[in-house]
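Peer 1: sequence first, predicted model second:
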2 protein chains.
Amino acid sequence: MRVETSELDPAIAKRLKRDADGLVCAVVQQRGTNEVLMVAWMDDEALHRTLTTRRGTYWSRSRQDYWVKGETSGHVQQVHEVRLDCDGDTLLVVVDQEGAACHTGDHTCFDADRLL
Amino acid sequence: MRVETSELDPAIAKRLKRDADGLVCAVVQQRGTNEVLMVAWMDDEALHRTLTTRRGTYWSRSRQDYWVKGETSGHVQQVHEVRLDCDGDTLLVVVDQEGAACHTGDHTCFDADRLL
């Protein structure tokens, strides 16, 4: 269930430009290789949990709940770095990914479908 | 102005899962270094133009119009690869970026604000 009032640092919260659903986009990148592993969404509380626990934590738009990456699969993300973009609406989350990042078993979510 | 009927390959169009505004997220990555340069948005026509012209072309949500990256700044993107993610709602666009990717003059849009 959505946390209404997050303990996210107010100095960070005021720099976020959230969409109509209160979310910012999170691009998740492997530390070292810089591969883009996946893209997910965060509200203030998901960002707060990610920053404080250093486990990649997101808001599921389909299930309308928080999820910790790897909670069921064991494919957890150890978070090393989080950056906010110039517009304040996208986060870059640099992680060490345990196992596959994609729920299909692929290494990244971008492995299966090349358009060009 | 928004193109209502794009010539995007129907085999690609049917794999896209667009948001309520008809858009998918595009993560733009530098070829070779794998740096994440920026994140922008594409509708079917922006994707069609990107695939056919090989210049990074996006939909501006604020200006409600197409924009070719570098059209005014000269900081164009030569597109080498486009991948669709497992959910069909995010594109990974691999480019050679000419000059700075960020409108602030920074190399990437994620250079200025580190949260962790």
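Peer 2: Sure, I can see it.
Peer 1: residue ranges for the helices of chain A, please.
Peer 2: A:10-13, A:44-53 (DSSP state H).
Peer 1: need these in a markdown table (columns: distance to residue B:100, mean neighbour count and mean pLDDT).
Peer 2: Placement of C-beta: from N, CA and C, glycine included. Shown next, in a markdown table, are those (distance: least, CB to CB, whole Å; neighbours: other CB atoms under 10 Å in any protein chain shown; pLDDT from 0 to 100):
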| stretch | distance to residue B:100 | mean neighbour count | mean pLDDT |
| --- | --- | --- | --- |
| helix A:10-13 | 25 | 12 | 98 |
| helix A:44-53 | 27 | 20 | 98 |
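Peer 1: wait, which of those is closest to residue B:55?
Peer 2: Smallest distance to residue B:55 across the helices of chain A (CB to CB): 33.4 Å, for helix A:44-53.
Peer 1: so what secondary structure elements neighbour the closest one?
Peer 2: helix A:10-13, strand A:57-60, strand A:65-68, strand A:77-84 (3 or more CB pairs under 8 Å, 6 or more residues apart in numbering or on different chains; DSSP states H and E).
Peer 1: highest mean neighbour count out of these?
Peer 2: Of all the helices and strands packed on helix A:44-53, strand A:57-60 has the most neighbours on average by mean count of other CB atoms under 10 Å in any protein chain shown, namely a mean of 22.
Peer 1: show me what it is packed against.
Peer 2: Against strand A:57-60 (3+ CB pairs under 8 Å, 6+ apart) you get strand A:36-42, helix A:44-53, strand A:65-68.
Peer 1: out of those, nearest to residue B:46?
Peer 2: Set against residue B:46 and scored by CB to CB, the helices and strands packed on strand A:57-60 come closest in strand A:36-42, at 17.3 Å.
Peer 1: since that was my last question, I'll sign off now.
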